[in-house]
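*Asks:* turn this into a model:
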Amino acid sequence: MVEIDFISESKVKHDGIFDFKEVYRFLYTAFNDKLYDLEEIAYSEKNTATGKEIDFHWVASRKISDYFRFKIKVDWLILSMTSVEVTKEGIKTKMNKGSLEIKFSCFLEKDYESRWEGTAFLKFLRGLYDNYVIKSRIVDYERRLLMEMTEFADQAKAFLVLEAKR
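*Replies:* Residues are numbered from 1 along each chain as shown. Below you'll find the predicted structure:
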């Protein structure tokens, strides 16, 4: 069975004007550029008196080796989203206004292909392997994964700030 270690999480919150399609496209492209396989696992949208509420979830994963895989979950929550018309660089453009929250959670998956699961002895060997043989490699991968997740969150935050200033 795959062993999944939770590493950390980060949130990006933005209240105000943003372009939902552009934020979506920007993060989708950022994950693709880092060679993550991205899957949208849930999506719900409903209209309310204050605007649209959108809730959806991504799971991004990237194979690091035959034993390790990085996984980042991205949970989007948009509340009270309405369309507004904004003048950008002298041109009227449709954008969105509302409350946007993006939560990033990262996980390090070990033995994600379940190669060490055949017998109790193999499970025992995997425990030894993880705790003694490759402990420093695990710590290194955890740091790398945390840096990548933080980079995605920082890029999203910077993109939203730039969009709001235009």
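*Asks:* tell me the secondary structure for residue 163?
*Replies:* Under DSSP: H, G, I helix; E, B strand; the rest coil, residue 163 falls in the helix class.
*Asks:* what sits against the nearest residue to it once chain neighbours are set aside?
*Replies:* Among residues not flanking residue 163 along the chain, residue 18 sits closest, at 5.3 Å (CB to CB, 6 or more residues apart in numbering). C-betas here are computed from N, CA, C, even on glycine. Going by CB atoms under 8 Å, 6 or more residues apart in numbering, residue 18 touches 95, 96, 97, 98, 100, 160, 163, 164.
*Asks:* all the strands of the chain, residue numbers only.
*Replies:* 3-18, 37-48, 51-63, 68-88, 91-110 (DSSP state E).
*Asks:* ok, the contacts of residue 18 vs residue 146, which is closest?
*Replies:* Closest approach between the contacts of residue 18 and residue 146, by CB to CB: residue 160, at 21.4 Å.
*Asks:* give me the beta-bridge partners of the closest residue to that closest one other than its chain neighbours?
*Replies:* In this structure, residue 160 finds its nearest non-sequential neighbour in residue 14, 4.5 Å apart by CB to CB, 6+ apart. Beta bridges link residue 14 to residue 100, judged by DSSP bridges.
*Asks:* distance check, residue 14 against residue 32.
*Replies:* From residue 14 over to residue 32 the distance is 22 Å, taken as CB to CB, to the nearest Å.
*Asks:* the two: which is more packed in?
*Replies:* residue 14 (20 against 12; other CB atoms under 10 Å).
*Asks:* might you report the residue contacts of that one?
*Replies:* So residue 14 contacts 99, 100, 101, 157, 160, 164 (CB under 8 Å, 6+ apart).
*Asks:* low-confidence ranges in the protein?
*Replies:* 164-166 (pLDDT under 70).
*Asks:* for the residue positioned nearest the centre of it, what are its contacts?
*Replies:* Centroid-nearest residue in the chain, with CA atoms, centre = their mean: residue 74, separated by 3.3 Å. By CB under 8 Å, 6+ apart, residue 74 lies in contact with 27, 57, 58, 59, 60, 102, 103, 104, 152.
*Asks:* partners of it in the sheet?
*Replies:* residue 58, residue 104.
*Asks:* same thing with residue 79?
*Replies:* Applying DSSP bridges, one finds that residue 79 bridges with residue 99.
*Asks:* that one reaches residue 55, doesn't it?
*Replies:* No. Using CB atoms under 8 Å, residue 79 is not in contact with residue 55, being 9.1 Å away.
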